[in-house]
Each structure stands twice: as structure tokens, then as C-alpha cells.
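> sharing a sequence plus its predicted fold:
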Amino acid sequence: MINKIVQSIAESLEGVPHGATILMGGFGAVGQPDELIEGLLEQGARDLTVVANNAGAGKVGLARLMMEGRVRKIICSFPRSAGSTVFEELYRAGKLELEIVPQGTLAERMRAAGAGIPAFFTPTGAGTKLAQGKESRVFNGREHILEQALPGDVALIEAWQADRWGNLTYRESGRNFNPVMAMAATLTVAQTHHVVDLGDIAPDHVHTPGIFVQRVVQVERGAPWV
Amino acid sequence: MQGDSVPLRITQRNPRHTRALGDPMELKLMAGVTRQGMAARVARDIPEGWFVNLGIGIPTMVADHVPVEREVILHSENGILGMGPAPEAGKGNAWLVNAGKQQVTLRPGGSFFHHADSFGMIRGGHIDLCVLGAFEVAENGDIANWATSENDSAPAVGGAMDLAAGAKRLWVVMDHTTKDGRPKLVEACGYPLTAPGAVQRIYTNLAVVDVVQGRGFVLREILAEGMSLAELQAQTGAVLHTDA
């Protein structure tokens, strides 16, 4: 019997190695796997590269992981937002490497990684300073730049419902980066608000099929942290 | 192309660096229309049926000025089509936020999807119009809206480069000048570019200006009451052409 559901956050993060590239779902607080990120603090992995849309807020979750010196590099589209003081201080002090990626390129680089596409050309970023050092080529009279796939060792994502095969649904705008991150990582861990029986998610309504998910852990909180 | 335009530039060539204090035009600062007024003016020009992405700031306010009976489908980069206005007090939904992470509503017919699909809509040319704020727009349509050299904290690009490169049309809504009076419509952007040659139209607190390739800024309408063309030109860092 296939059963991807594990009983604790600690169990769900077992084996996450030092130096791992970790994809973290969410757009701000919505769809962000808060309990898994908190669990990573306990778990102890360090020298991490974190891929997320934002660079954490306040002094919890990703911000605390950075404060504790566990993150070597962050790859994101929008690090500067309300409450991102921890990131800004560390970055200014030269204690954190930053790779800024346009948001659509970030999503597409992970989608490409999940779909076996090593690199792709896009006009996004062409003619800007984010094109520096990238191969460029003209298609249909327009300049495009080459962007590399962005695979993760681990993806930490948040689902609304999950079954023991790892089929997932998301809630409203909580879907955001979670499905592409699930595709792009070797080990995808989903925290979920509800565990349901096989077949309870109608086949037409599965958002992420279980093939992209390795572990599922249930959490209790009902709404995003605001 | 130049023959049918009337060059009206009476300001200095590089106004960003050589702002002339005591210039008589500076003594006559005109506030023009409000932020809400600018948003309303943009909304007036959006026809039914367009798929529209609104950036953070004044662009977000455009949503409040599109008449309910005119079906304009708002796209939010975080995976929403059919976004509605802000919820009534006490009826917020923490799962439903816009690009600025503010709570919004969903109109009947709306849908949710993941980030790669959302940016597929943007990058694949399916969005009819994107409205963004900006630091500067140049007369060749270059836009700079994500990083300034004065900013020592990390730059944040978000979806701006995808939107500027991918939407069918890009309109900018911004103040005509900076708070200290420097023009934001310029001959060439001084700040790092978001995208080259992407802007078609600019709405400011003073005027509506088109960007016409091969020609530059073409004035469509002065919004500030009582402002003359010469006064507007004095606050603009490149030639304002007119269809005379």
C-alpha cells in the first residue's frame, strides 16, 4: 500500500541535507508552508539555497532561518517588502548572496526543471542589467536571453487537501508557486490542511497529481498568517 | 516624421542633473489631478472585454473606477482572473490576495491557476493591457521602474519585467515629475531599465502622453486645469510633440 502521509513535521523533513537547494511555496503568507519552514529550523540543515518569491518577513519562518545564518543564498523576485528587515540587514552586511529573477522567469525555470527542459529563451529581462552574462539570441527580430532550469533538492509546499497517494488541491490564491515547485524538486513535502480518502478528490479536480509529491503531513492552522 | 510635429522643448537638456532653481516655471507648480483622478482617467480608456493586469500603487486603484457593467477581466500575477474590488469591512478572505498582498474579491466567472500558467498568460501575449507605475519613461518607450541607484537595499523586480515584455500594451501611470520637481518623462532613462521600448502611453497628474516609435512623446491631452503647453513642456524632460 502506498502511503505518503507521515505523522510529524520532523519525520517529513528527515534527511534534508546541508547545502540543499530548497524551494519554498507561497506568495507572501498565502500558500506558504509555515510549519515546514519552522520545522526546518529544528531540523538543522544549513548552508541552504532558498528559492522563494519573497525573502521572508518579521522574525519568523524564512526570516528566522536567515537570522540564524542557515541560508547562504536566496533566489527570489521580490525580496524587499513590508517587514523584510532581516533580509535587508543581512544583504547589506554581505552575509547573504542574492539572485534576483523576474517572477515569470522564476516560475518558468522551475516548470522547465520539472518538465526536463534544461534551458529556454525568453524576452523577459533582455536589454536590462539582469541580462548580463547571459547568452542572447534574436528570434523573430526580437532579442531573447537564455535562462537555465532551476531544480530543487527539496520543495516545501502548502496544500489544502491531500490523500495518501499525494494528490493535492490548493485553496484560492494559495496555489501560486506550489504546483511548479512540486514538479521541480527531488523531494517534495506538502503540508496540508485536510487529509482525505483516496477518491475523495474528484479526478477532474486534482491540482497536483501525486507523482510530484513524496511526503504529506497534516497541519492544523486554517488560515494564512497575516 | 518630424515635419508634422511641433517641438516645444524649452527646458534644459539634462534636467535630472541640472535642475534650475528659481526657474519661473518652478514657482508655478501645478498639482493637476489626484491619484484617484489619474486612476479614473486610465479606467475610462479600457474597453469591455480586455484582460488587464494592474501593478502596485496607483494602477491598483484603476479597478475601482471601471464601471461594474463594463466587463473588464482583471488578472493578478499570483494566479487570479476575474479579480473584483476590495472586500467590504469584515468580509475579507485571507486566501484571496492581489499582487500587493491586499485582500480582494473574485467576480462570478473568475478562476485560479498556478504561477507558471499565470505568467504564461503574461509572457505568451494573452494580456491585452498592463498598467504599471514607473520612476522614468523615455521618449523611445524605455521604462525604468524596479531599481534606483540611490537605493542601497536590494532591488525587487517582481513581475514587472515579464509584464513589460509580454503584455500586448503597456501604459504607465505616474506623477509627471518627482517630488522635488525633476521630470519623469525623459530623453533616456537614468535608472536601470525594466524593458526597452515597451511603453505606449503615459497618464500623469498633468497630461496624457503617447509614445510613438520613431517620433517620441506625443501629447494627447492636458489634464491640469489651466496649464499651457509651454508650462507642461517645462516639466517634461524631452520634446512633447503635438498633432498640429
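Structure's in. What do you need?

> what does chain B put close to chain A?
Contact residues (C-beta under 8 Å from any C-beta of the partner chain) of chain B with chain A: B:76-80, B:93-97, B:101, B:106, B:112-116, B:118-120, B:122-123, B:152-162, B:165-166, B:192-196. The way it works is simple: take the backbone N, C-alpha and C, and place the C-beta from them, glycine included.

> same thing but at 7 Å, please
B:77-80, B:94-97, B:101, B:112-116, B:119, B:122-123, B:152-159, B:161-162, B:165-166, B:192-196 (C-beta under 7 Å from any C-beta of the partner chain).

> which of those residues are buried?
B:77-80, B:94-97, B:101, B:112-116, B:119, B:122-123, B:154-159, B:161-162, B:165-166, B:192-196 (16 or more other C-beta atoms under 10 Å in any protein chain shown).

> hang on, the earlier thing: which of the residues of chain B next to chain A fall within helices?
B:115, B:116, B:119, B:122, B:123, B:161, B:162, B:165, B:166 (DSSP state H).

> what pLDDT does the model give the residue nearest to the first one when sequence neighbours are not counted?
Think residue B:115. With sequence-adjacent residues excluded and distances taken as C-beta to C-beta, 6 or more residues apart in numbering or on different chains, residue B:115 is closest to residue A:107, at 3.9 Å. Residue A:107 carries a pLDDT value of 98.

> distance of residue A:107 relative to residue A:48?
21 Å (C-beta to C-beta, to the nearest Å).

> those two: which is more packed in?
The neighbour comparison of residue A:107 against residue A:48 (other C-beta atoms under 10 Å in any protein chain shown) goes to residue A:107, with 32 against 22.

> helix, strand, or coil at that one?
helix (DSSP: H, G, I helix; E, B strand; the rest coil).

> looks like it contacts residue B:119 (just checking).
Yes. In terms of C-beta atoms under 7 Å, residue A:107 counts as a neighbour of residue B:119; the distance is 5.1 Å.

> give me the phi and psi angles of the residue minimising distance to the centre of chain B.
The centre of chain B sits closest to residue B:172, judged by C-alpha atoms, centre = their mean, with a distance of 1.6 Å. Backbone torsions of residue B:172, given as degrees, to the nearest 10, read phi -110, psi 140.

> quick one: the strands in chain B, in order.
B:51-54, B:73-76, B:80-84, B:105-112, B:129-132, B:136-138, B:143-144, B:170-173, B:185-186, B:201-203, B:207-212, B:216-222, B:240-241 (DSSP state E).

> where does the prediction get shaky in chain B?
B:1-30, B:150-153, B:244 (pLDDT under 70).

> redo that, cut-off 80
B:1-31, B:149-154, B:244 (pLDDT under 80).

> quick one: contacts of the one helix or strand in chain A whose mean pLDDT sits lowest?
Counting by mean pLDDT, DSSP states H and E, chain A has its least confident helix or strand at helix A:85-92, which shows a mean of 91. Residues from elsewhere that reach helix A:85-92, judged by C-beta atoms under 7 Å, 6 or more residues apart in numbering or on different chains: A:55-56, A:59, A:63, A:66-67, A:79-80, A:96, A:98, B:152-154.

> of the residues you listed, which is the nearest to residue B:201?
residue A:80 (27.9 Å; C-beta to C-beta).

> from memory that closest one sits against residue B:157, does it?
No. The criterion here is C-beta under 7 Å, and residue A:80 misses it with residue B:157 at 10.0 Å.

> residues touching residue B:178, list them.
residue B:184.

> what residue of chain A is the furthest out?
Of all residues in chain A, residue A:141 has its C-alpha farthest from the mean position, at 34.5 Å, by C-alpha atoms, centre = their mean.

> what's near enough to touch residue B:74?
If you count contacts by C-beta under 7 Å, 6+ apart, then residue B:74 has B:52, B:54, B:63, B:82, B:83 around it.

> and it, what are its bridge partners?
Counting by DSSP bridges, residue B:74 forms beta bridges with residue B:52.

> from chain A, how far off is it?
From residue B:74 across to chain A, the span is 13 Å (C-beta to the nearest C-beta, to the nearest Å).

> pLDDT below threshold where in chain A?
Within chain A, the stretches with pLDDT under 80 are A:81-82, A:221-226.

> how many residues are close by the closest residue to chain B within chain A?
The nearest approach of chain A to chain B comes at residue A:104, 3.1 Å away (C-beta to the nearest C-beta). Applying other C-beta under 10 Å, we find 29 residues neighbouring residue A:104.

> identify the residues contacting residue 163.
As the question left the chain open, I've gone with chain A. Per C-beta under 7 Å, 6+ apart, neighbours of residue A:163: A:196, A:197, A:198, A:200, A:201.

> you answered for a different chain; I wanted chain B.
Applying C-beta under 7 Å, 6+ apart, the residues contacting residue B:163 are B:53, B:122, B:130, B:132.

> and the residue of chain A closest to chain B, helix, strand or coil?
helix.

> equivalent analysis for the one 10 residues further on, please.
On the three-state scheme (three-state DSSP), residue A:114 is labelled helix.

> could you count how many residues lie near the residue nearest to it when sequence neighbours are not counted?
Leaving aside its sequence neighbours, residue A:114 sits nearest to residue A:183 (C-beta to C-beta, 6+ apart; 2.7 Å). Per other C-beta under 10 Å, the neighbour tally for residue A:183 reads 25.

> quick one: secondary structure of residue A:183?
helix.

> pretty sure it is touching residue A:112, no?
No. The pair residue A:183 / residue A:112 is not scored as a contact, 9.5 Å apart, by C-beta under 7 Å.

> okay, now residue 148: neighbour count?
By default, I'm working from chain A. Quick note: residue A:148 (other C-beta under 10 Å) scores 13 neighbours.

> that's the wrong chain, I meant chain B
Neighbour tally, residue B:148, other C-beta under 10 Å: 14.

> kindly report the same for residue A:113.
21.
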